[in-house]
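Engineer: sequence first, predicted coordinates after that:
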2 protein chains.
Amino acid sequence: MEMNQQTPVLTFAASAFAALGSEQRLTILRRLVRAGPNGMAIGDLGEAVGITGSVLTHHLKQMVSAGLLHQEKDGRRIISVVDYDQIRALSDYLIAECCADQGGHQEGLDHG
Amino acid sequence: MEMNQQTPVLTFAASAFAALGSEQRLTILRRLVRAGPNGMAIGDLGEAVGITGSVLTHHLKQMVSAGLLHQEKDGRRIISVVDYDQIRALSDYLIAECCADQGGHQEGLDHG
DNA sequence: TCCATATTTCTATAATTATAGAAATATAAA
DNA sequence: TTTATATTTCTATAATTATAGAAATATGGA
């Protein structure tokens, strides 16, 4: 199930946090962030972080499905690129929803 | 395994994000945030969010273990209180680590 | 002390996620 | 077209997490 704009905020957030909830995936994400907006081929990524093959595919799939990454084809390579806006949205969610009445509260968000 | 100051950042972050990665737990957390720094007894919390008994205990345990909450005794009630600082730290991590080179980068963090 | 309440632990089962090898698919280059 | 590379899908198994009822523990009040 891929997340889109119709997905309720709670569902998106839970799915995205779950996708961040693994040391391996955080490591993968950090490496992709370092790669910047040009992204990185799966093979190179795997070599860089020491996670390859079907396990890497499995983790990337979860992150794509949660909306943290997207992928583009470049010949026979698949380039993974971080969706920075989604990550920012998640960080904002955390402050807005989870620090309400503690100085970070914002009114008017629709929780779906 | 309870998180403390010695826990590597990556391990804390992965564990905390995993603890946020469930709609039920996000719902619980939001209710506890609304309760503010006085927290909320488990029974009242369960009634409010519609998750009770061993399932609620199970979720709270994960959140406490990840450092998102702590618990205090008040007679025979157990009061759960959000650790706002930890949530802020998590939000900061997301921006610092995962939006680096995209405008949110900070130097000098030790990734453990 | 006895009782009611609050919460946890125990136990079991279901569901999901993780790990990994092998085969399959897709594509570019020779 | 053949070959090598890149990645996925398939399959299987292990590990973790979720759900839930029942029994156990802890505490305050009658």
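Structural biologist: It's in.
Engineer: element containing the spatially closest residue to A:E97 that is not a sequence neighbour, please.
Structural biologist: Residue nearest to A:E97 in three dimensions, not counting chain neighbours: B:R30, with 5.7 Å by CB to CB, 6 or more residues apart in numbering or on different chains. C-beta: built from backbone N, CA, C; applies to glycine. Remark: B:R30 resides in helix B:23-35, with elements defined by DSSP states H and E.
Engineer: next, the buried residues of that helix.
Structural biologist: B:24-33, B:35 (16 or more other CB atoms under 10 Å in any protein chain shown).
Engineer: can you lay out the residues you listed as JSON lines showing distance to DNA strand D and pLDDT?
Structural biologist: Formatted as JSON lines, the buried residues of helix B:23-35 follow (distance: CB to the nearest atom of the strand, whole Å; pLDDT from 0 to 100):
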{"residue": "B:Q24", "distance to DNA strand D": "5", "pLDDT": "95"}
{"residue": "B:R25", "distance to DNA strand D": "7", "pLDDT": "96"}
{"residue": "B:L26", "distance to DNA strand D": "11", "pLDDT": "96"}
{"residue": "B:T27", "distance to DNA strand D": "11", "pLDDT": "96"}
{"residue": "B:I28", "distance to DNA strand D": "11", "pLDDT": "96"}
{"residue": "B:L29", "distance to DNA strand D": "13", "pLDDT": "96"}
{"residue": "B:R30", "distance to DNA strand D": "16", "pLDDT": "95"}
{"residue": "B:R31", "distance to DNA strand D": "16", "pLDDT": "94"}
{"residue": "B:L32", "distance to DNA strand D": "17", "pLDDT": "94"}
{"residue": "B:V33", "distance to DNA strand D": "19", "pLDDT": "95"}
{"residue": "B:A35", "distance to DNA strand D": "20", "pLDDT": "93"}
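Engineer: ok, those residues vs B:C98, which is closest?
Structural biologist: In terms of CB to CB, no member of these lies closer to B:C98 than B:L26, at 19.0 Å.
Engineer: quick one on the thing from earlier: now do the helix holding B:R30: distance to the chain's middle.
Structural biologist: Between the centre of helix B:23-35 and the centre of its chain there are 10 Å (CA atoms, centre = their mean, to the nearest Å).
Engineer: likewise stretch A:83-90?
Structural biologist: 7 Å.
Engineer: also stretch A:71-80?
Structural biologist: Offset of stretch A:71-80 from its chain centre (CA atoms, centre = their mean): 17 Å.
Engineer: between the two ends of it, how far is it?
Structural biologist: 4 Å (CA to CA, to the nearest Å).
Engineer: and stretch A:45-53, by the same measure?
Structural biologist: 11 Å.
Engineer: quick check, it touching chain B?
Structural biologist: No. Using CB under 8 Å from any CB of the partner chain, stretch A:45-53 stays clear of chain B, coming no nearer than 12.2 Å.
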